[in-house]
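K.L.:
okay, sequence plus prediction incoming.
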Amino acid sequence: MRDKSEDKIPVKGVVPINEMVGDDDEDMRLLRVMASGAEKYIRSFPWCKSIRKIYFGDGYGGIVAVFLFHIEPARDGCGRVAMSHLLRRVSRVPSDGLVQNPLAGTGGLHRGSV
């Protein structure tokens with residue numbers, strides 16, 4: 001039986017990757033390139049057995065974008081500590097990830113400066 005929790009969008013402000021919309025055709029093309037690069041990056045780690053779903057949060061094509069990956073870890077519990085730490089440091093709204101670098105704690109990219 002399929003777990004219904006997999007059907008819920010896990011965070012406010014994200015959409016399934018197939019519903020990603022850019023400002024224009026060029027922005028969409030660049031966002032798709034970024035999504036593909038992000039997916040290859042996540043798949044490159046041994047702790048990622050597979051990617052179940054990909055969500056788009058916010059971004060500027062070719063500059064910066066926020067994606068959320070629902071992965072199947074290679075082993076139970078793998079990655080949960082890092083992700084829970086990241087989610088505590090960043091608001092549940094993806095665009096906040098563009099305001100502050102969650103791993104550095106201060107600074108980061110501010111949307112108004114792009």
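P.N.:
Perfect, I can see it now. Residues are numbered from 1 along each chain as shown.
K.L.:
going forward, measure contacts and count neighbours with C-alpha atoms only.
P.N.:
Fine.
K.L.:
can you give the contact residues for whichever helix in the chain runs longest?
P.N.:
Counting by DSSP state H, the longest helix found in the chain is helix 25-43. By CA atoms under 8 Å, 6 or more residues apart in numbering, the residues outside helix 25-43 that reach it are 21-22, 48-51, 59-62, 65, 67.
K.L.:
buried subset of these?
P.N.:
21-22, 48, 59-61, 65, 67 (16 or more other CA atoms under 10 Å).
K.L.:
out of the contacts of helix 25-43, list just those in strands.
P.N.:
Among these, the ones falling in strands (DSSP state E) are 48-51, 59-60, 65, 67.
K.L.:
count of neighbours near residue 69?
P.N.:
By other CA atoms under 10 Å, the residues close to residue 69 number 16.
K.L.:
can you tell me the SS state at residue 53?
P.N.:
Assigned by DSSP: H, G, I helix; E, B strand; the rest coil, the conformation of residue 53 is strand.
K.L.:
tell me the bridge partners for it.
P.N.:
residue 70 (DSSP bridges).
K.L.:
that one reaches residue 70, doesn't it?
P.N.:
Yes - between residue 53 and residue 70 there is a contact under CA atoms under 8 Å: 5.0 Å.
K.L.:
select the helix or strand of this structure having the lowest average pLDDT value.
P.N.:
Lowest on mean pLDDT, DSSP states H and E among the helices and strands of the chain sits helix 80-89, with a mean of 49.
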